[in-house]
Structures are given as C-alpha cells and as structure tokens.
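Asker: Mind folding the following:
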Amino acid sequence: MNYVLKRLGQAVLTVLVVVSFSFALIRLLPGGPMDYLRAKIIEQGGSDLSQEAINMRIEAQTGITTDEPIYVQYVDYMTGLLQGDFGQSVWFGDPVAEIIGPAIPWTVFLTGTALFLGFLVGISLGAFMAYKEGSRFDVGATGVGLFLNSTPNYVVALLGLTFLGYQLELFPTGGRYASELTVGFNLPFLLSVLHHGALPILSMAIVAFGGWALNMRGNSIRILGEDFLRVARLRGLSTRRIAIRYVARNAILPMYTGLMIAIGTAFGGAIIIENIFAYPGVGFYMIQSINSRDYPLMMGAFILITVAMVIGITIADLTYGWIDPRARGGGSRESY
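Answerer: Next up, the predicted model:
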C-alpha cells in the first residue's frame, strides 16, 4: 500500500513540476505569446493605447492579469485548473476545455486503433518469426521490421497522403468525416469515420508493428531455449498449448510495460499525423495553438498529453507485479 501511495505521489509531483515549468517558460521567453498579444492589440486599436488599456484587453481575452507578478498569475492559473478551468483560447475565442474536450475521443480513436493493430500484428508476426528462426522468411521479416522501426511515421503518412490521397484519390485528405453526413450512430457516418481515419491509423500502425515484431521475436527465441519447455514437450503437451500458454504468455509479459507507456505517449505521437491529415484532434489543436501563439490552448493540450503519459507509466509500474508475479516476488523462474 505504501508503494502505491508513493508512486501516486510521484506521478502527481511529476505533473505539477512539468506544468509549472511550462507555465514559467511560456510566459518568460522573449517574443512569446504575451508579446504577440500586445502587438496584435496595438495593431487593432492603434499605437495610442496605454499599457493599462492593453493589459485590460489581454485580461478580457485570456482571463490573465498581466500586471500581476508571475507567482500570482501561477497561483490563479493552478487554482483554475483545480476547478476545471483551463482558460479561454485567444485564437478561437472559446474556453479551452470546450475545444480540447470534443477532440479527445477522436485522438483516442486514432491512436487506440493504430496501437491495437500494430501490437496485434506485431506480436503475431514476431512469434512466427521466432518459430521460423534462421529461415528466409525470418531474415526478410527482420529486415522489414528494422526498416519500419527506424522510419518516422510522418514519412509513411506523407507517402500515403500523396499517392493514396491525392493521386489515386482512394482516401480523403483531411477531416474526420464527410461534412454532408448526419453525425450519429448510423452506418454512413461510421463508414465515413473509418474512411477518413484509415490513412492516419495505417501510418502509425505500419511503423509501430515493426518494433513490436522484433521485440516479440527476441523474447520468443529466449523462451524457446528455456528448460521448462523441454519438460512440457516430455509431458506430451500439444504444440498449440505450448505455443500459446508457455511461449506466447512469457514472451508478451516483458512487453507489457512498453505497451502501457505507448498508450500514455499516444497523444503526443499523434501530433504530427493529425496535422498532416488535417484531422482535428488534440495534436491538431496543439500545433494550431503554437502557430497562433495561443498559450491557454497550448497549455491545455500540453497538460493533457503530460497527464496521459504519466498515467500510462504509473499504471504500468503499479500493475506489472500483478501481471507478472515474478516481478513482485523477485523470482527468476518462468511462469507456467
């Protein structure tokens, strides 16, 4: 119990430190969002505006009092966060929560589907590669896996967008669904969502499965050389039971932590992909906020990505001992 409380405390402290550092960095850097807002207001209202008038307009647009010390602004901002108030977007003019909130399910859809496909295909291919160790298939698949694992997902996204989107026109080049459809749980809308999300999902899944396949291959080969497998064969157990219960189970366990971390970092990994395909998710709005220097929206998106990452790592740390009793008990024997 003490360990759980300690890890939860570390997670909260991590989020607090990251948010505090980001808050100070965004406001103290020269040429940052505050200078951009001042220049924008002067351009709209004329150079005869006083500094007090400019600060009042900034406060009206963002809810932040600029003439107060930064520590006072920090306390006000953190107090608002605890109440669910992320501030108001300067560019869009709406509360940050109302912009990011509806975008979260779309990012979860993209990243979750891509992660599921990449992991499922990866571990299946990796297990078969280990079974065929040394064969032409194993050598070729290993080369493909290394190539994909070292290829950025945005390269695959740009290739898919160019050839499958623009040239062959097989997939849409932007948006989450066709604008003329009625949003709801109906077949045309669901098919349109899948059609628009196909290229972004494949761009992330194709790159991801190479790494999962290589990890699964290495773990499976290690397990295949263990003594307990020889005992299982001598007991006359079927090949299917040995492959699934003994080899696959023990080979997947070391990948659990990586899977949970991948879930936590999925929000950040979708930033470039969502902008390449003009897919309005959390990453899309984060880039929009950076380009427009909309720091309330920027902070909101960054906080969401940070919290998701910390939660993923914390869950992996707290549950790995339950998934694999050897980690909890400190033993070195394989589980049966």
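Asker: how about A248, what does it touch?
Answerer: Neighbour list for A248: 123, 127, 220 [criterion: CB atoms under 8 Å, 6 or more residues apart in numbering]. Backbone N, C-alpha and C define where each C-beta goes, glycine included.
Asker: buried stuff in the strand or helix carrying the last one?
Answerer: Right, the one you point to is S220. Following DSSP states H and E, one finds S220 within helix 187-224. For helix 187-224, a neighbour-count test (16 or more other CB atoms under 10 Å) marks 192-193, 196-217, 219-221, 223-224 as buried.
Asker: got the angle between whichever helix or strand comes after that helix and helix 187-224?
Answerer: The helix or strand immediately downstream of helix 187-224 is helix 227-234, counting by DSSP H and E. Helix 227-234 runs at 100 degrees relative to helix 187-224, counting by axes from the mean of the first three to the mean of the last three CA atoms, to 10 degrees.
Asker: What residues of helix 227-234 count as buried?
Answerer: Going by neighbour count (16+ other CB under 10 Å), the buried part of helix 227-234 is 229, 232.
Asker: For stretch 197-210, what is the distance to the chain centroid?
Answerer: In terms of CA atoms, centre = their mean, to the nearest Å, the centre of stretch 197-210 is set 13 Å apart from its chain centre.
Asker: which residues sit against it?
Answerer: So stretch 197-210 is in contact with 109-111, 113-115, 117-119, 121-122, 125, 144-149, 151-154, 156-157, 160-161, 164-165, 171-172, 176, 262, 269-270, 273-274, 276-277, 279, going by CB under 8 Å, 6+ apart.
Asker: now E133, what's its secondary structure?
Answerer: coil (DSSP: H, G, I helix; E, B strand; the rest coil).
Asker: Chain neighbours aside, what residue packs nearest to it?
Answerer: Nearest non-adjacent residue to E133, counting by CB to CB, 6 or more residues apart in numbering: I221, 6.0 Å away.
Asker: try I290
Answerer: Of all residues beyond its chain neighbours, the one nearest I290 is M298 (6.0 Å), with distances taken as CB to CB, 6+ apart.
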